[in-house]
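**Student:** Sequence and computational prediction follow.
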Amino acid sequence: MIPLLLPQILAVAAATFAWAFPYHGWTKESHALMLKLNDEDTDHTHITARELKDALAKLPKVIQLWIHAVLHHDLDYYNDNTEIPFARYLRISQKGKFLLNGKFIDFTANQEYSTRSQHAGFVWDANMTMCQCIGLELPIHVRDAYVSGKGMLKAQMPFGLPIMRMDDSPDLNEGELLRWCSEAVLFPLALVWMAKSEEEGTTLKWHPSDDENTATLEFSHNGTNCRLHFNFDPQTHLVTSMHTMRPRINGTLTERAHWECYCFDYERCGGMQVPTRVEVGWKLDAQKEVEIYFKGRNEHLIYLMS
């Protein structure tokens, strides 16, 4: 029996080596981007309770209520000169499901963020289980990123076989910047502190709406502009969902479509109330419901404070 299985065993061993070699290069590339993301933010500026109060006073009421709900203590608890913890970097691990060809497949991911608006950026490095072949699970490696003001999206199969690669186009940059803005609910002070000042190439502004439980964020970073609408729970004042018209790849074309992100299961992490579960989808027909394509649960959130 063993001699009969030897060719299959050797084939699996050869495939494993050929698979692992390009994956090493993939991991090295991801780590390099994460290091670049971290190295770009050398700003260790602190924010005092007085500065945060002054910044909030200029923002819509619903944003003020949100930040008060997010923080561990009410701002009146602090003396004016007390430094408020302000994360400048965040690392998370994530598990979930991604819709591919009409079927949800499992994924695991590591993601890192620069959590200052003037250095907005992230790197999402994921492995997705595509199918099984000769008893092996064949993963897809996916990297979604926004680094140095440039978006990038890359996916490949084992043996380094490419599936997709996109780099630094206006639509891609906008889409990735929108992703950073929506995921900034994990580090919400980034959407407040920059609202009081304009750094070079970066502006961030909040606009109220007729509905007292919604507000619109306008963010400009490195020549890319985006707009995102936030919805808040009237009781908890925490973010429940966000939506916008986001660039979407459709074959060889890019079109704008209604995009929504939903936030669930808030927990206290890094001294803040943040969502630990998200769902994201497209609404391609006004008469239909949002089609969810991403379901993720955030785990092991590690904040690096200034």
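**Tutor:** Great, that's in hand. Numbers count the residues shown, from 1 in each chain.

**Student:** make it CA atoms for all contacts and neighbour counts henceforth
**Tutor:** Noted.

**Student:** how close does residue 26 sit to residue 145?
**Tutor:** 14 Å (CA to CA, to the nearest Å).

**Student:** More neighbours: which of these two?
**Tutor:** residue 145 (30 against 18; other CA atoms under 10 Å).

**Student:** got the buried residues for the helix or strand that contains the more buried one?
**Tutor:** Per DSSP states H and E, residue 145 falls inside strand 136-147. Within strand 136-147, the residues that count as buried by 16 or more other CA atoms under 10 Å are 138-147.

**Student:** Stretch 242-257 now?
**Tutor:** Those would be 242-248, 257, for stretch 242-257 by 16+ other CA under 10 Å.

**Student:** and what of stretch 105-119?
**Tutor:** Neighbour-count burial for stretch 105-119, counted by 16+ other CA under 10 Å, picks out 105-119.

**Student:** which stretch of helix or strand covers the residue nearest to residue 257 when sequence neighbours are not counted?
**Tutor:** For residue 257, ignoring the flanking residues on the chain, the nearest one in space by CA to CA, 6 or more residues apart in numbering is residue 245 at 5.2 Å. Under the criterion of DSSP H and E, residue 245 resides in strand 239-250.

**Student:** Show me the two of the buried residues of stretch 105-119 that sit farthest apart.
**Tutor:** The span of those, defined through CA to CA, is set by 105 and 118 at 35.0 Å.

**Student:** which residues touch stretch 263-275?
**Tutor:** The contact list for stretch 263-275, computed with CA atoms under 8 Å, 6 or more residues apart in numbering, reads 69-72, 85, 185-187, 239-241, 276-279, 301-303.

**Student:** rounded to a whole number, what's the mean pLDDT of it?
**Tutor:** Averaged across stretch 263-275, pLDDT comes to 94.

**Student:** Over to stretch 184-193?
**Tutor:** Mean pLDDT, stretch 184-193: 92.

**Student:** how long is that stretch end to end?
**Tutor:** End to end - CA to CA - stretch 184-193 spans 12 Å.

**Student:** chain center to it, what's the gap?
**Tutor:** 12 Å (CA atoms, centre = their mean, to the nearest Å).

**Student:** Likewise for stretch 53-68?
**Tutor:** Its chain's C-alpha centre lies 23 Å from the corresponding centre of stretch 53-68 when counted by CA atoms, centre = their mean.

**Student:** how long is that stretch end to end?
**Tutor:** Stretch 53-68 end-to-end distance (CA to CA) = 10 Å.

**Student:** buried ones in it?
**Tutor:** 55-56, 59-60, 62-68.

**Student:** among these, which are in helices?
**Tutor:** Counting by DSSP state H, these place 55-56, 62-68 in helices.

**Student:** Is it possible to get a markdown table of the residues you listed that adds pLDDT?
**Tutor:** Shown next, in a markdown table, are these (pLDDT from 0 to 100):
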| residue | pLDDT |
| --- | --- |
| 55 | 89 |
| 56 | 92 |
| 62 | 97 |
| 63 | 97 |
| 64 | 95 |
| 65 | 95 |
| 66 | 96 |
| 67 | 94 |
| 68 | 92 |
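
**Student:** Take the residues you listed and lay them out in a markdown table including distance to residue 39.
**Tutor:** Output for those, formatted as a markdown table (distance: CA to CA, whole Å):
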| residue | distance to residue 39 |
| --- | --- |
| 55 | 27 |
| 56 | 29 |
| 62 | 34 |
| 63 | 30 |
| 64 | 31 |
| 65 | 33 |
| 66 | 30 |
| 67 | 28 |
| 68 | 31 |
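
**Student:** Which single one of these is nearest to residue 181?
**Tutor:** residue 63 (14.6 Å).

**Student:** For that closest one, list the residues it contacts.
**Tutor:** 56, 215.

**Student:** Please repeat the previous calculation with a cut-off of 6 Å.
**Tutor:** If a contact means CA atoms under 6 Å, 6 or more residues apart in numbering, then residue 63 has no contacts.
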